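In: I would like the atomic coordinates for the input below:
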Amino acid sequence: MPQPTILCLASYFKGTTFLKAAKKQGAHVLLLTREKNKDEPWPRDYIDEVFLMPSLSLRPDIFYAVSYLMREHEISQVVPLDDYDVETAAALREHLRLPGVGDSVARFFRDKLAMRLQAEAHGIAVPPFVPVFNYDRLRAFMGRVPPPWVLKPRSEAGAMGIKKVSSAEEVWRRLDELGDQQSFFHLEKFVPGEIYHVDSIVWDGEIQFALPHKYARPPMSVAHEGGVFVSRTLKRDGEEGLAILEMNTRLLRAFELPRGVTHAEFIRGEDGRYYFLEVAARVGGANLEQLIEAASGVNLWAEWAKLEIAFAEGRPYQAPTDSEQYAGVLVCLARQEWPDLAAYVEPEIAYRVHKKYHAGLVVLATDEARVQTLLREYARRFGEDFLAVAPPLDKPPT
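Out: Numbering: from 1, shown residues only. The predicted structure follows:
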């Protein structure tokens, strides 16, 4: 069987574990990234060729470039390493007639309006929402659903670009500011509550692995107000864990992802109901990779590479076994260029973040209560030792 060739798209520096795992699995690995990323510490020993472009999102430039590569490389699959590359990868698959997610399914994992409409059509609860297309429909929504609302960009990542609004006058003012861009947003009811995430591995349309977690504070609050980002593993058979795992199963079946990894977020509102918020066909950011690996022994980037190569070679994929421990992650912006974490010495520390102007730890224990105790104490100490606050970004850095 010929060696599979995988083209990885990376608008930003990430996915190094995928690149290493793909090469170790015997793939011919091509990386296409932006020119500004050329000096990042890519694992070049595991990459056969690196190609650079000013942007990976401009069409037809990306079609021309990858089609040119196809003259000499029999590309098996196109894999997006960043959220912003999901739709580009889908468009390339459509153009080159390669297997995997196409344009329509990709929208369920990038377009917040598309994912809400698809979830609602399959009986999955979502916060009340309305597209920003027809003004009469928008007025009716604001008359029927009391504020506050959130005006969300349909295709940004995480909490980026989200604006909380408290009156119809503020909505119209923001829409005037957006001008022709307003159709790329939607308006929805702001639902306060507890936020959860489920991170999954999907093969042949079925979930092979899924792990439930809970944020200490909503990511949107951390992004807009500052603070320490915290998430922890839930009991797999607890009430909260079972509820979001069941919802995640219904969601991914409705969205028809054939294979890959996903990061889905849910909220339990003050009414006690669980609602779907959003889902991405990628590994979660903010060091969730290390959190999940600590709690389960499963590295999602590496497993994603394994299943893509298994598909390319026409053989079954065997999902890993969950080690069923508990872990928690803390990350914050730091005042120091390289924060000194030497004073954090507890034996439960499983991983230390090494990134400029960031402080972060992953803790691991067999006891859920011990993890919660450490997270509470460390979050307090991070606030005193490191925490810096920066204004939220409306768009990713160029």
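In: helices along the stretch 1-150 of the chain, start to end?
Out: Secondary structure of the stretch 1-150 of the chain (DSSP state H, counting those that start in this stretch): helices located at 16-24, 61-70, 86-96, 103-108, 112-121, 135-144.
In: quick one, which of those helices is nearest to residue 186?
Out: helix 112-121 (4.5 Å; C-beta to C-beta). Using the backbone N, CA and C atoms, a C-beta is placed for each residue, glycine as well.
In: what residues sit buried inside that closest one?
Out: Buried positions in helix 112-121, judged by neighbour count with 16 or more other C-beta atoms under 10 Å: 112-119.
In: on contacts alone, who are the packing partners of it?
Out: Helices and strands touching helix 112-121, by 3 or more C-beta pairs under 8 Å, 6 or more residues apart in numbering; DSSP states H and E, are helix 103-108, strand 129-131, strand 185-189, helix 239-255, strand 274-280.
In: can you pull out the low-pLDDT segments for this protein?
Out: Applying pLDDT under 70 to the chain picks out residues 1, 158-159, 393-398.
In: so where do the strands sit in the stretch 151-300 of the chain?
Out: Counting by DSSP state E, counting those that start in this stretch, the segments of the stretch 151-300 of the chain that form strands are 163-165, 185-189, 193-203, 206-215, 229-233, 260-269, 274-280.
In: adjacent strands (with direction) for the shortest one?
Out: The pairing partners recorded for strand 163-165 under DSSP bridges are strand 149-153 (antiparallel).
In: got the contact list for the partner strand?
Out: 112, 132, 142, 160-166, 171, 174, 184-190, 220 (C-beta atoms under 8 Å, 6 or more residues apart in numbering).
In: got it, and stretch 132-148?
Out: 128, 130-131, 149, 151, 164-168, 171, 175, 182-183, 185-187, 189-190.
In: contact partners for the closest residue to residue 107 other than its chain neighbours?
Out: Spatial nearest neighbour of residue 107, chain neighbours left out: residue 114 (4.2 Å); criterion: C-beta to C-beta, 6 or more residues apart in numbering. Shown in contact with residue 114 (C-beta under 8 Å, 6+ apart): 107-108, 154.
In: one step back: as CSV, the helices and strands packed on helix 112-121 with mean neighbour count would be great.
Out: Listed next are the helices and strands packed on helix 112-121 as CSV, based on neighbours: other C-beta atoms under 10 Å:
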stretch, mean neighbour count
helix 103-108, 18
strand 129-131, 19
strand 185-189, 21
helix 239-255, 18
strand 274-280, 22
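In: and those: which comes nearest residue 295?
Out: Closest approach to residue 295 among the helices and strands packed on helix 112-121 is made by helix 239-255 (11.8 Å; C-beta to C-beta).
In: who are the packing partners of that closest one?
Out: Judged by 3+ C-beta pairs under 8 Å, 6+ apart, helix 239-255 is in contact with helix 112-121, strand 193-203, strand 206-215, strand 260-269, strand 274-280.
In: between these, which one is nearest to residue 324?
Out: Between the helices and strands packed on helix 239-255, strand 206-215 lies closest to residue 324; by C-beta to C-beta that is 9.6 Å.
In: out of the contacts of strand 149-153, which end up buried?
Out: Buried residues within the contacts of strand 149-153, defined by neighbour count using 16+ other C-beta under 10 Å: 112, 132, 142, 160-163, 165, 171, 174, 184-189, 220.
In: number of residues surrounding residue 317?
Out: 16 (other C-beta atoms under 10 Å).
In: so what's it up against?
Out: Going by C-beta under 8 Å, 6+ apart, the list of residues near residue 317 reads 203, 208, 259, 306-307, 310-311.
In: which of the strands of the stretch 151-300 of the chain sits most buried?
Out: Each of the strands of the stretch 151-300 of the chain was scored by mean neighbour count; the highest is strand 229-233, a mean of 24, by mean count of other C-beta atoms under 10 Å.
In: that one vs helix 239-255, what angle?
Out: Per axes from the mean of the first three to the mean of the last three C-alpha atoms, to 10 degrees, the angle that strand 229-233 makes with helix 239-255 is 90 degrees.
In: residue 240 touches residue 198, doesn't it?
Out: No - assessed by C-beta atoms under 8 Å, residue 240 is found out of contact with residue 198, at 10.9 Å.
In: what do those two both touch?
Out: residue 212.
In: that older thread, could the strands of the stretch 151-300 of the chain go into a markdown table alongside distance to residue 24?
Out: Converted to a markdown table, those look like this (distance: least, C-beta to C-beta, whole Å):
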| stretch | distance to residue 24 |
| --- | --- |
| strand 163-165 | 44 |
| strand 185-189 | 42 |
| strand 193-203 | 18 |
| strand 206-215 | 20 |
| strand 229-233 | 27 |
| strand 260-269 | 18 |
| strand 274-280 | 25 |
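In: give me the neighbour count for the nearest residue to residue 17 once chain neighbours are set aside.
Out: Distances taken as C-beta to C-beta, 6+ apart place residue 301 nearest to residue 17, at 3.7 Å, with adjacent residues excluded. Using other C-beta under 10 Å, residue 301 is surrounded by 22 other residues.
In: quick check: residue 301 is in a strand.
Out: No - looking at residue 301 with DSSP: H, G, I helix; E, B strand; the rest coil, it is helix, so not inside a strand.
In: who are the contact partners of it?
Out: 15-18, 21, 261, 283, 289.
In: swap in 10 Å and give it another go.
Out: 14-22, 81, 261, 282-283, 289, 293 (C-beta atoms under 10 Å, 6 or more residues apart in numbering).
In: what do you get for residue 130?
Out: Going by C-beta under 10 Å, 6+ apart, residue 130 touches 113, 116, 137-142, 144-145, 149, 186-189.
In: show me which positions of stretch 124-141 end up buried.
Out: Those would be 124, 126-127, 129-132, 138, 141, for stretch 124-141 by 16+ other C-beta under 10 Å.
In: redo the residues you listed as TSV? Include distance to residue 93.
Out: Output for these, formatted as TSV (distance: C-beta to C-beta, whole Å):
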residue	distance to residue 93
124	26
126	28
127	31
129	29
130	32
131	27
132	29
138	35
141	35
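In: between these, which is closest to residue 253?
Out: Distance to residue 253 across the buried residues of stretch 124-141 (C-beta to C-beta) is lowest for residue 124, with 10.2 Å.
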